[in-house]
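A.B. asks: Let me see the structure of the following:
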Amino acid sequence: MNKKYEEHFWDVDLVVLFKDWFSQIGLFVLMAVTFLGIGLPLFISVLVLWYLAGFPTVNF
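C.D. replies: As a prediction, this is how the structure comes out:
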């Protein structure tokens, strides 16, 4: 009998699924840290200029 195996969503290997999920979350965290690291010089200069301006407040 050549009966084709029917796949179901509950046949997923959860160990492989979670390993893949954690690797993707790790890549996202690395990307977020890299993005913050690239923007750090701009953020520092903005804080210095804000300090030199006497900490003005924004009034909407």
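A.B. asks: what's residue 7 sitting at in phi/psi?
C.D. replies: phi -90, psi 140 (degrees, to the nearest 10).
A.B. asks: Quick one: classify the most centrally placed residue in the chain as helix, strand or coil.
C.D. replies: Note on the chain: the residue nearest the mean C-alpha position is residue 28, at 3.4 Å, using C-alpha atoms, centre = their mean. Following DSSP: H, G, I helix; E, B strand; the rest coil, we place residue 28 in the helix state.
A.B. asks: That one and residue 35: what is the separation?
C.D. replies: According to C-beta to C-beta, to the nearest Å, residue 28 stands 11 Å off from residue 35. All C-beta spots, glycine's among them, are computed from the backbone N, C-alpha and C.
A.B. asks: go on, residue 51?
C.D. replies: When C-beta to C-beta is applied, the distance between residue 51 and residue 35 equals 24 Å.
A.B. asks: for residue 44, same thing?
C.D. replies: For residue 44, the distance to residue 35 (C-beta to C-beta) stands at 15 Å.
A.B. asks: same thing with residue 26?
C.D. replies: Using C-beta to C-beta, one gets 15 Å for the distance from residue 26 to residue 35.
A.B. asks: Likewise for residue 23?
C.D. replies: For residue 23, the distance to residue 35 (C-beta to C-beta) stands at 19 Å.
A.B. asks: One more: residue 20?
C.D. replies: Counting by C-beta to C-beta - residue 20 and residue 35 are separated by 23 Å.
A.B. asks: Which parts of this protein are strands?
C.D. replies: According to DSSP state E, the chain carries no segments that qualify as strands.
A.B. asks: Below-threshold pLDDT in it: ranges please.
C.D. replies: Applying pLDDT under 70 to the chain picks out residues 1-2.
A.B. asks: Could I get the full set of helices for it?
C.D. replies: In the chain, the segments counted as helices under DSSP state H are 14-52.
A.B. asks: All set, thanks.
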